[in-house]
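Asks: take a look and give me a structure for this.
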Amino acid sequence: MNKLLALILLSPAFFFAQDFTVYHTGPNSDTISLPKGGVCLMGGATEDDYAMKWFLEQAAGGDILVLRASGSDGYNAYFYTDLGIDVHSVETIVFNNANAANDNYIHTKINEAEAIWLAGGNQWNYISYWRGNAIDSLINSAVNNRNVVIGGTSAGMAVQGKYYFSAENGSITSTTALNAPFDNTCTVDSLKFIENDYLSHVITDTHFDNPDRKGRLAVFLSRIKVNYNDSEVKAIACNEYTAVCIDSNGFSRVFGGAPVYEEHAYFISVNCEVPNNNPETLQLGSPLTWNQNGNALKVCKVPGTVGGTNSFDLNDWETNTGGEWYTWSVINGQFTETPSAAPNCLLTINQDNIEFEQLPKMITNQLVEINSTQFSTVVVTDLSGKILQQIFNQNEQFIVDLRSYSNGIYMLNYLK
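Replies: Below is the predicted model of the structure:
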């Protein structure tokens, strides 16, 4: 390669259109690779290099696309050369207004990308520019049909879940949210936007170094639990220099600088140990109370380490390495966090004396422990007979994980 060509390839090139600005580094040709999928959630300050290396490795040498609504080309050299991971090209597209969503050039670039990164900024810009048009449709197609890895920081993380704080009317503090859960700045939304399988019941939050964020996240969860009738609602939150990287199997690693620095991720869920776990008071004009004897929400706080050695499994929302458990509760607008133990969601059924092979059961987001000496296998089916899960006897015990299922009636089929 001669020096002139090398200069062309390594120097960010950019052009301006009326509605968007493009910065490009690397070859202009498209390459095709087989990305490994996954999601990278970054808490909002300087990116963690090890998490970003994970993100680039998931692209398998492909083209990296950065989408943003402010800023310029800060990611180009960082992704292309600084991290030492081989990628084909990096392109940043800055949306100057909502009209850019209609441009075929941008559509083509999304279709050609093996990795999509959403930068920080104002999440309402992303939502108002991209929701319900070709941009979110193409992003979702890339993630779900081509296994493209997706990630984002700050606002780019805040829009990754099924639920999201839209910031349509500006930000909100915990004090305001806890005392006025229906304040016009408490804009918790569920209109279809970015779709990630392992974030289908999740809201995300960022900049969690600020202790003021915890109370408002509890309010967001209460609103989703009641207003959207989602008994499985959960949350992932990150301190500013912390990242959660989730692979295509739902296994997440937490990156950061702990224990030297306070860099943690939080995995929050409605406490499955509490029957009918709903806020005691969630109404217009009143502070939130979601107490349940101090046990409303279960929280696993996982330190982010160099290399992402600590983990959290999104398949069961319990298995982890390095985490500490807490409970969150709110009484009359006052937020409390208390050290706790891991949740115990096992429902034990002794089936030794049953004389039939099918047991209709209403499933309500739980683990079922079946103790039996009579049966070799338990098969879970829906009412149409479709097999959903098969569990083999281990030491006269079956553990049936039903927590990812929607509430409904399923069949536990006992095979001798």
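Asks: and the strands in the stretch 101-250 of the chain, which stretches?
Replies: 115-118, 149-153, 164-165, 188-189, 202-205, 234-238, 243-246 (DSSP state E, counting those that start in this stretch).
Asks: tell me the strands beside the last one, with direction?
Replies: Take DSSP bridges as the rule and strand 243-246 pairs in its sheet with strand 39-42 (antiparallel), strand 251-255 (antiparallel).
Asks: any idea what residue 297 is bridged to?
Replies: With DSSP bridges as the rule, residue 297 is bridged to residue 270, residue 328.
Asks: contacting residues for it?
Replies: For residue 297, the contacting residues are 218, 221, 268-271, 290, 327-329, by C-beta atoms under 8 Å, 6 or more residues apart in numbering. Any C-beta I mention is one placed from the backbone N, CA and C, and that applies to glycine too.
Asks: closest one of these to residue 63?
Replies: residue 268 (34.8 Å; C-beta to C-beta).
Asks: so that closest one, which state does it fall into?
Replies: Following DSSP: H, G, I helix; E, B strand; the rest coil, residue 268 is assigned to strand.
Asks: how much space is there between it and residue 318?
Replies: Look at residue 268 and residue 318: by C-beta to C-beta, to the nearest Å, they are 12 Å apart.
Asks: the more surrounded of those two?
Replies: Between residue 268 and residue 318, counting by other C-beta atoms under 10 Å, residue 268 is the more crowded of the two (26 against 21).
Asks: and the closest residue to the more buried one other than its chain neighbours, how many neighbours?
Replies: Of all residues not flanking residue 268 in the chain, residue 235 sits nearest, at 4.2 Å (C-beta to C-beta, 6 or more residues apart in numbering). Residue neighbour count, defined by other C-beta under 10 Å, stands at 23 for residue 235.
Asks: one step back: list just the one of the strands of the stretch 101-250 of the chain that sits closest to residue 373.
Replies: Closest among these, using C-beta to C-beta: strand 234-238, at 36.2 Å.
Asks: and the strands paired with strand 243-246: which comes nearest residue 74?
Replies: Comparing the strands paired with strand 243-246 by C-beta to C-beta, strand 39-42 comes nearest, at 13.7 Å.
Asks: so which residues make contact with the closest one?
Replies: With C-beta under 8 Å, 6+ apart, strand 39-42 has contacts from 48, 51-52, 54-55, 58, 149-154, 156-157, 160, 196, 198-199, 204, 206, 236, 238, 242-246.
Asks: before we move on, the earlier item: put the buried members of the contacts of residue 297 into a ChimeraX selection.
Replies: Buried residues within the contacts of residue 297, by 16 or more other C-beta atoms under 10 Å, are selected in ChimeraX with:
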select :218,221,268,269,270,271,290,327,328,329
